[in-house]
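Chemist: Predicted coordinates and the sequence they were generated for:
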Amino acid sequence: VSLADANYFPLLEELIQSIKRFKESEKVAICILDAGLTTEQKKNISNKRMNNSISVIVPFFNEEVYLQKSVNRLLDINLFNEIILVDDGSVDSSVEIARKLEKDFSEIKLIVIESQTGKGNAVKTGLKFINSTHIIIHDADLEYFPSDIPNMFDIAKKNPGCLVLGSRTIKGKKRVNRYK
């Protein structure tokens, strides 16, 4: 599956329009997209009885300080049928940390890109390995809050074909943001 596939154009246009509606001060935190799965992937999902399942793609570059804790926070919510870690050419010990996580947890898969190609390409690469009906992109830097994901996933399941965006600046939620 590639973001260049024709099936993604309506989703991308909707994403662009949704982002434009956000005020500049708000930050888009999390996106859940219908995966635009191939027929073979849909058959695999049906065979595995994973309808309304969710996968997370975690692109990372030099996140040795935060990667373990970030993935542990995802594992703690016990929601994902797969966690795809995509290393974008890290030169620190991030890959070793990710390899250990992949070894220790059957739902984790590590994809290594040999040289840095950017977050967009890391996400695009991760999409090729998805076997679920929904996808979430989660940065490894501890800035996002995995505890928000179950509620967002419930909204997505109740509204098929929708795009769900999250924000770190939602009023009424206590946040300790690393970035100002």
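Modeler: Received it, and whenever you're ready, just let me know what you need. Predicted model, so just to flag it, every value in this text is computed and none were measured.
Chemist: Just the buried positions in stretch 62-82, please.
Modeler: Within stretch 62-82, the residues that qualify as buried are 62-64, 66-68, 70-71, 73-75, 80-82, counting by 16 or more other C-beta atoms under 10 Å. Placement of C-beta: from N, CA and C, glycine included.
Chemist: what would the residues you listed look like in a markdown table with pLDDT, distance to A156 and secondary structure?
Modeler: Formatted as a markdown table, the buried residues of stretch 62-82 follow (pLDDT from 0 to 100; distance: C-beta to C-beta, whole Å; DSSP: H, G, I helix; E, B strand; the rest coil):
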| residue | pLDDT | distance to A156 | secondary structure |
| --- | --- | --- | --- |
| N62 | 96 | 31 | coil |
| E63 | 96 | 26 | coil |
| E64 | 96 | 32 | coil |
| Y66 | 95 | 26 | coil |
| L67 | 97 | 26 | helix |
| Q68 | 97 | 28 | helix |
| S70 | 95 | 22 | helix |
| V71 | 97 | 22 | helix |
| R73 | 95 | 20 | helix |
| L74 | 96 | 17 | helix |
| L75 | 96 | 20 | helix |
| F80 | 93 | 14 | coil |
| N81 | 91 | 15 | coil |
| E82 | 95 | 17 | strand |
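Chemist: Out of the residues you listed, give me the two with the largest separation.
Modeler: Using C-beta to C-beta, those span at most 27.8 Å, a distance reached by N62 and N81.
Chemist: Please, where are all the helices along this structure?
Modeler: Using DSSP state H, the helices of the chain run over residues 8-21, 39-47, 67-76, 94-104, 119-127, 149-158.
Chemist: and the spatially closest residue to G126 that is not a sequence neighbour, what are its bridge partners?
Modeler: Counting by C-beta to C-beta, 6 or more residues apart in numbering, G126 lies nearest to I57, which is 3.7 Å off, once chain neighbours are set aside. Counting by DSSP bridges, I57 forms beta bridges with I84, I137.
Chemist: Make 23 the first number, not 1, from now on.
Modeler: Happy to do that; since the first residue is 23 now, the last one works out to I79.
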